[in-house]
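Enquirer: Whatever this is, show me its structure:
(one chain, ligands or ions: 1)
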Amino acid sequence: KYEEEYFGKLCTRSKAMIDKAKEIIPGGVQHNLAFNHPFPLVFTKAEGCYLYDIDGNRYYDFLQAGGPTVLGSNPSSVREKVFQLLNECGPSTGLFHEYEYKLAKKITESMPSVEMFRMLGSGTEACMGAIRVARLATKKKNIVKMGGAYHGWSDQLAYGIRIPGSKWTQAQGVPKYLFKHTQEFFPGRLDSLERVLKRNELRGGTAAVFIEPVGPESGTRPLDYDFNKGVEKLCRKYGALLVFDEVVTGFRIGMSGAQGYFGISPDLTIFGKVIAGGYPSAGGLGGKKEVMKYLSAGISGGAKHKKALVGGTMAANPLSCVAGYYTLCEIESTDAPRKSGEFADKLTLGLQKLISKHGLPFVAFNQGSICHLETAGAMHFSIDWSKPWQIPKVLEETSARKQEMEHMGAAYMAEGIVTLAGSRLYTSAAYEDDMLTDILDRF
Ligand code: PLP
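Expert: Numbers count the residues shown, from 1 in each chain. The predicted model follows:
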């Protein structure tokens, strides 16, 4: 009620527009992250770490477009290159452009496991491509993912993700038989993964294990530091490909992604978000040559072996490739993952102090520039302060917390702050230390 009154008074133009939009847009908004409480706001400007709504209010932006803007929103260095491309070439041709090569080169140089790279339209599409490639490369059938992990909304991977506060999963409208070859294991449990892999040996084997390397839903459910090593070992033991979904972590955690941080060499890597710097379309599949050779370029008649079809009219358009290339160059030259991560460390520390000062039932933790403010009441955890990133070790979770952890969408969680509900806060290199006090005062 308080929020309704508060935002109702400050955001009259947003409210009026949303009321009209509901008539012609299902649910009122087009983007999943724009579903927020008490009503979606209309944003007209994003710059650095700030958002501005149609009523002229300014917000600290911890949503950061859902993750892609590690440099902060709309940096002029990238925008200028995009303008130049638009003046010269326009956004798309459907043909090869030099920046496709430059972007692919930057990505393959940054991550040693990625010997080849193919730009696609979205993270969802890249995951779909990875499934096909993995099946061709291994001649096995099943795909295994961790409970609560999000790998886009394709038929085969929407499996298991629950709609917050609902008994339904996000797989409504998907016939059950499409999940016949998708299995989940319990988050953070290697014994559970091995059970699934063993069972699959009798039913066509496991083609790939998909992992969000910082934990399901970008670390909302954190993992032990050594967990990914354990997954890698099990994949090798059972002949399954290890697919690292770095849609969130790639070029946010560091230039070499979460795989660099954990010292893992996955067979396939999924990219999205940062590789187009907040511009559309952001998706890519990379990996070892012997696996990537199963990917088609167009319709490949006469190939020596079977190839998986991937595509998309807008895939690898020059605009995304230019934006992505200059974004990655700037992330590297300004050390943006370190800068945004250090700010996140300080923000997390500040939140932890507030939590203990007021005795609140929350826990704050971060993995680089991905911060979480989670309800601790429903999660028993311990923190080993000697470990990097101070990630809580989850000892036990209630089912309410499990549902809550799958919450999606933006939230205005404190006056003048926009986050990803769940509650995740992405920082960017646009944040400066002198903003900390002002931000923490709002919680
Ligand atoms: N994988 C992960 C880990 C994600 O967080 C997302 C999107 O948030 C996706 C895949 C899907 O990517 P896209 O939204 O580009 O389809």
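Enquirer: Can you confirm whether stretch 417-437 lies near the ligand?
Expert: No. Stretch 417-437 does not reach the ligand (CB under 6 Å from any ligand atom); its nearest approach is 9.5 Å. Placement of C-beta: from N, CA and C, glycine included.
Enquirer: now for the one helix or strand C235 maps to, which elements pack on it?
Expert: Assigned by DSSP states H and E, C235 falls within helix 227-238. If contacts are counted by 3 or more CB pairs under 8 Å, 6 or more residues apart in numbering; DSSP states H and E, helix 227-238 sits against helix 190-201, strand 206-211, strand 241-245, helix 257-262.
Enquirer: Can you show me the CA trace of the third one as PDB?
Expert: Yep, that's strand 241-245 we're talking about. Output in PDB follows, covering the C-alpha atoms of strand 241-245 (Å, rounded to 0.1, in the frame of the first residue of the first chain):
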ATOM      1  CA  LEU A 241      30.100 -32.500 -22.900                       C
ATOM      2  CA  LEU A 242      30.400 -29.700 -20.300                       C
ATOM      3  CA  VAL A 243      28.500 -26.600 -21.300                       C
ATOM      4  CA  PHE A 244      29.200 -23.500 -19.300                       C
ATOM      5  CA  ASP A 245      26.400 -21.000 -19.600                       C
END
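Enquirer: On the three-state scheme, the residue lying closest to Y52 once chain neighbours are set aside is what?
Expert: Leaving aside its chain neighbours, Y52 sits nearest to K45 (4.0 Å; criterion: CB to CB, 6 or more residues apart in numbering). Three-state call for K45 (DSSP: H, G, I helix; E, B strand; the rest coil): strand.
Enquirer: pLDDT score assigned to K45?
Expert: In this model, K45 is scored at 97, pLDDT.
Enquirer: hang on, isn't it packed against I54?
Expert: No. Counting by CB atoms under 8 Å, K45 sits too far from I54 to count as a contact (9.5 Å).
Enquirer: which of these two has more neighbours?
Expert: I54 (16 against 13; other CB atoms under 10 Å).
Enquirer: so who does the more buried one touch?
Expert: Residues in contact with I54 (CB atoms under 8 Å, 6 or more residues apart in numbering) are 11, 13-14, 17, 41-44.
Enquirer: got it, and G368?
Expert: Neighbour list for G368: 249, 252-254, 261, 337, 340-341, 344, 389 [criterion: CB under 8 Å, 6+ apart].
Enquirer: one more time with 7 Å, if that's ok
Expert: For G368, the contacting residues are 252-253, 337, 341, 344, by CB atoms under 7 Å, 6 or more residues apart in numbering.
Enquirer: just F343 next, same as before
Expert: 427, 431.
Enquirer: Correct me if wrong, but it is in a strand.
Expert: No. Using three-state DSSP, the secondary structure at F343 is helix, not a strand.
Enquirer: Please tell me how far it sits from the ligand.
Expert: Distance of F343 to the ligand, computed by CB to the nearest ligand atom, to the nearest Å: 21 Å.
Enquirer: and the gap between that residue and G254?
Expert: For F343, the distance to G254 (CB to CB, to the nearest Å) stands at 15 Å.
Enquirer: wait, is N366 part of a strand?
Expert: Yes. Counting by three-state DSSP, N366 is found in a strand.
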